[in-house]
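# Provided below for reference: sequence and predicted model.
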Amino acid sequence: MPDSEERRPAARPKSQRGADTRVTAARKAPVAKRTPAAAKQDEGAPTTRARRAPQNHRTIDRVTRILEEVVYNPGMTFAELVRALDAAKSSVHGFIGGLLAKGWLYEDHHRFYLGPAVYGLTMASGHIRAGLVTHEDLVALARETGVAAFLGVQAGDHLIYIAEAGSDHVAGFEARTNIRRTLLITAGGKALLAEQSGPDRDAYLRRRSAEEHDLVDLFLTEYEAIKRTRIATNAHRGRFAIAAAVHNAAGEPVASITLVGPMSEVQPRAKKLGQVLLRHVDSWARRTVKPREAI
């Protein structure tokens, strides 16, 4: 377009022109003045904002219903849970699969029990539960060894600490603030991993990310010694850990016990502490406990 040609503004639609007219009129309209008495009355008026009531969510309702049913009726079957929820089998199957994967449920002979992840939260809150390994067992072990004792269980691909006794404040703080740890970075996790069947163990190791390849190599180097001695060890941030798997009366690994303390104190005593640990663990395995939860 030549510079000398005059630029004319484009014509606006009638609807827009009408809107502009209304805005202009509103701007020109006089604003009513409020008296000081009215302003003072408004300042003291209470806010009438209604609080929104919590709303149910069907998925959350069904997941929590599964957990509640298992708590009050341990050992429920899949069919019993389907009837209790009055939901489609495919939906219940999906919910149960997710809860099993994260350790919120535990399956034994096609029956479901409350899983170890629940007790990870319990430990984080400062409470300890009883089970195959009681709190008194942990206290006795900690007193005899002079170091902290931790009870851990496997939940999916992770180890969760669910109880403790002793006075290692550093390890105790980490256990409460990081309740899920991969098996390869803990002595208790390696003890449990060494007890798995060959196919299960190989499948777990294949699932590890590229960042964990060094940990996989380290475990494979330690594997034969763990199987022979039944003791796994780990060093982390100036702490040394010694662990062994806990078996039930059927010989199945259900948990691990880890002794943790300053490296300068624990590592030189590793052999003696391992002997004490195995003596306690073997005595617990002879107990007969009716399954209610994961261990």
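Perfect, I can see it now.
# and Arg286, how many neighbours?
9 (other Cβ atoms under 10 Å). Bear in mind the C-beta positions are built from the backbone N, C-alpha and C, glycine included.
# give me every residue that touches it.
With contact taken as Cβ atoms under 8 Å, 6 or more residues apart in numbering, Arg286 is in contact with Ala249.
# just Ile66 next, same as before
With contacts defined as Cβ under 8 Å, 6+ apart, Ile66 is in contact with Leu81, Leu85, Val92, Phe95, Ile96, Leu99, Leu105.
# can you check Leu259 too?
Leu141, Thr145, Val147, Ala148, Ala149, Ala241, Ile242, Ala243, Val266, Leu273, Leu277.
# How about Ala270: what's its closest non-neighbour residue?
Once its chain neighbours are removed from consideration, Ala270 has its nearest residue in Ile242; the separation is 5.8 Å (Cβ to Cβ, 6 or more residues apart in numbering).
# was I right about the one you found contacting Gly274?
Yes. Under the criterion of Cβ atoms under 8 Å, Ile242 lies in contact with Gly274, with a separation of 5.6 Å.
# can you give me the helices in this protein?
For the chain, the helices defined by DSSP state H occupy 14-28, 36-43, 58-72, 78-85, 89-101, 117-124, 135-145, 169-177, 187-195, 198-206, 213-229, 263-266, 270-285.
# Point out the most buried one among those.
With neighbours defined by mean count of other Cβ atoms under 10 Å, none of the helices of the chain is more surrounded on average than helix 187-195, at a mean of 26.
# Put the alpha carbons of that helix into PDB.
Below are the C-alpha coordinates for helix 187-195, written out as PDB (Å, rounded to 0.1, in the frame of the first residue of the first chain):
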ATOM      1  CA  ALA A 187      21.200 -55.100  53.600                       C
ATOM      2  CA  GLY A 188      17.700 -56.400  54.400                       C
ATOM      3  CA  GLY A 189      16.600 -56.100  50.800                       C
ATOM      4  CA  LYS A 190      19.600 -58.100  49.600                       C
ATOM      5  CA  ALA A 191      18.900 -60.800  52.200                       C
ATOM      6  CA  LEU A 192      15.400 -61.100  50.900                       C
ATOM      7  CA  LEU A 193      16.400 -61.000  47.200                       C
ATOM      8  CA  ALA A 194      18.900 -63.800  47.800                       C
ATOM      9  CA  GLU A 195      16.100 -66.000  49.100                       C
END
